[in-house]
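Asker: sequence plus predicted model, see below.
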Protein chains: 2
Amino acid sequence: MDEKIDRRTRKRLATRQSISDTATRLFLERGFDSVTIDEIAAAADVGRMTVFNHFPRKEDMFFDREEEIQALAFDAIRKRGPGVSPIEATRKLAHDLVTQDHEFVMLSGDTSWFIKTAMASEALKARAREMRDDFTRALAIVLADASNQPTGDPNAHLAAGLIVSTWNVAFSEAQKLFDCTRDAGEAKRCFLAVIDRGIAGAVAALAKTAYA
Amino acid sequence: MDEKIDRRTRKRLATRQSISDTATRLFLERGFDSVTIDEIAAAADVGRMTVFNHFPRKEDMFFDREEEIQALAFDAIRKRGPGVSPIEATRKLAHDLVTQDHEFVMLSGDTSWFIKTAMASEALKARAREMRDDFTRALAIVLADASNQPTGDPNAHLAAGLIVSTWNVAFSEAQKLFDCTRDAGEAKRCFLAVIDRGIAGAVAALAKTAYA
DNA sequence: TCCCAATATATACTGAGTATATTTAAGGGC
DNA sequence: GCCCTTAAATATACTCAGTATATATTGGGA
């Protein structure tokens, strides 16, 4: 499968990975803002332009799994069981991720550092907001598509907005609670409680439409 | 009242206004991104540092009425009628603003240029997102306070998130519709329809709490 | 081997935002 | 009016992300 990659591509990916690893290490040591692109380039032993070649923006060296998360959510909607509404599918996804201790909803370890580092930088927070908006827009399209509604349907945008808002609050509150109590179980219960409330609200908002 | 302002303050405000007016004119002529701070300073006939003195960030010369909007929303909640829940108060505000053709929900004229200019600039969109998040956080505090709930109550954050998300979608969809049809009446009906749906969802989500 | 295209790199630039020191001018006490 | 303090404006020099462009290097294919 992926074995027949030519040397050129292999070297390209190796360079990219080297830059990414170096950047991550430096961010870990000193935070995002106080590391400059020049330092990353020097530490990774590549030219400055090479860094921009692989990562158009500095923030891209930090957030490199956006697509994975989007795919996870979209798959949950597209491959939902029969009789499950698109909105309910997002609720089920939350419960499934918690049940299987998925890395995206883990509270401790790498995830904790990741969130703390992101929250300590205005640039990273701005990028996170941008990704959230992009995701909301894409989610509206997926929802409309999965419900055989026209693309751009206002209700799809409302549903997407309410769902993303709910997930966002659920994440933040769970993280906040874990930081206070260091009790992962309690944090997860809080996460699901907010999800259940918010999704119930979204279902009520979109009652009598194809989305709920 | 405001008459006993000394000359120093008067000059300060005049300088600020001059910079703001100059910047607005230039943004109107050529868009936000293609106007540099140096050009604004030169056109307003002040030093470059003076601009940063009054407006720490370039975006602040564009968004200068944030507080007004926040006050409008918070007042609607704090001064709501008896028997009106905090969440319902935000719904009532939307209807009131539309009824009185308030400038913040006007579709044509300055508002239209304002939104188009903001949407054409990544920097302005980023700042708008930041303001939205700030507003959401502040709204959560006001909601909790107005409902005699503890500050930081997860339900307050959920309510704030759902409300802001609803308003955001309502604005966008109404603006989009107006751009297509140029029918202000239809756009306003769309705005209120989304508001009513979204707020109904928020009420359902927060059922049996102090917020709904 | 030679040629083409992808990748890496060097150089020079733009423009926002910061740090800091200096100048200018207004208000207050005498 | 004169002096002193302080706010505001300014000048200068800097940092750093991001762009433009030209050149060098290297792997793949003929």
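Answerer: Yep, that arrived.
Asker: identify all contacting residues around stretch A:66-85.
Answerer: A:86, A:88-90, A:92-93, A:96, A:104, A:131, A:135, A:138-139, A:142-143, A:146, A:203, A:211-212 (Cβ atoms under 8 Å, 6 or more residues apart in numbering or on different chains). All C-beta spots, glycine's among them, are computed from the backbone N, C-alpha and C.
Asker: next step: the residues you listed restricted to helices.
Answerer: Among the contacts of stretch A:66-85, the members falling in helices (DSSP state H) are A:86, A:88-90, A:92-93, A:96, A:131, A:135, A:138-139, A:142-143, A:146, A:203.
Asker: helices and strands around the helix or strand bottoming out on mean pLDDT in chain A, which ones?
Answerer: Lowest by mean pLDDT, DSSP states H and E among the helices and strands of chain A is helix A:110-119, with a mean of 92. Applying 3 or more Cβ pairs under 8 Å, 6 or more residues apart in numbering or on different chains; DSSP states H and E, one finds that helix A:110-119 contacts helix A:7-30, helix A:122-146.
Asker: measure how it sits relative to helix A:7-30, angle-wise.
Answerer: 80 degrees (axes from the mean of the first three to the mean of the last three Cα atoms, to 10 degrees).
Asker: for residue A:121, give me its contacts.
Answerer: With contact set as Cβ under 8 Å, 6+ apart, residue A:121 has these partners: A:31, A:32, A:33.
Asker: between the residues you listed, which is nearest residue A:100?
Answerer: Among those, residue A:32 lies closest to residue A:100 (Cβ to Cβ), at 30.0 Å.
Asker: between the least confident helix or strand of chain A and helix A:122-146, how big is the angle?
Answerer: Going by the same axes, to 10 degrees, helix A:110-119 makes 110 degrees with helix A:122-146.
Asker: ok, back up a step: which of the contacts of residue A:121 has the most neighbours?
Answerer: residue A:32 (20 neighbours; other Cβ atoms under 10 Å in any protein chain shown).
Asker: which SS state does that residue fall under?
Answerer: coil (DSSP: H, G, I helix; E, B strand; the rest coil).
Asker: so what pLDDT did the closest residue in space to it that isn't next to it in sequence get?
Answerer: Once flanking residues are discounted, residue A:32 sits nearest to residue A:121: 4.2 Å by Cβ to Cβ, 6 or more residues apart in numbering or on different chains. With respect to pLDDT, residue A:121 scores 98.
Asker: still on that earlier bit, can I get the contacts of residue A:121 in JSON lines including distance to residue A:25?
Answerer: Below are these laid out as JSON lines (distance: Cβ to Cβ, whole Å):
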{"residue": "A:31", "distance to residue A:25": "12"}
{"residue": "A:32", "distance to residue A:25": "12"}
{"residue": "A:33", "distance to residue A:25": "16"}
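Asker: what residues does chain A have near chain B?
Answerer: Chain A comes close to chain B at residues A:125-126, A:129-130, A:133, A:152, A:154-155, A:157-158, A:161-162, A:164-166, A:168-169, A:172-173, A:176, A:190, A:193-194, A:197-198, A:200-206, as judged by Cβ under 8 Å from any Cβ of the partner chain.
Asker: 6 Å instead, please
Answerer: Chain A comes close to chain B at residues A:126, A:129, A:154, A:157-158, A:161-162, A:165, A:169, A:173, A:194, A:197-198, A:200-202, A:204-205, as judged by Cβ under 6 Å from any Cβ of the partner chain.
Asker: quick revisit: now, which of the contacts of residue A:121 sits nearest DNA strand D?
Answerer: residue A:33 (7.5 Å; Cβ to the nearest atom of the strand).
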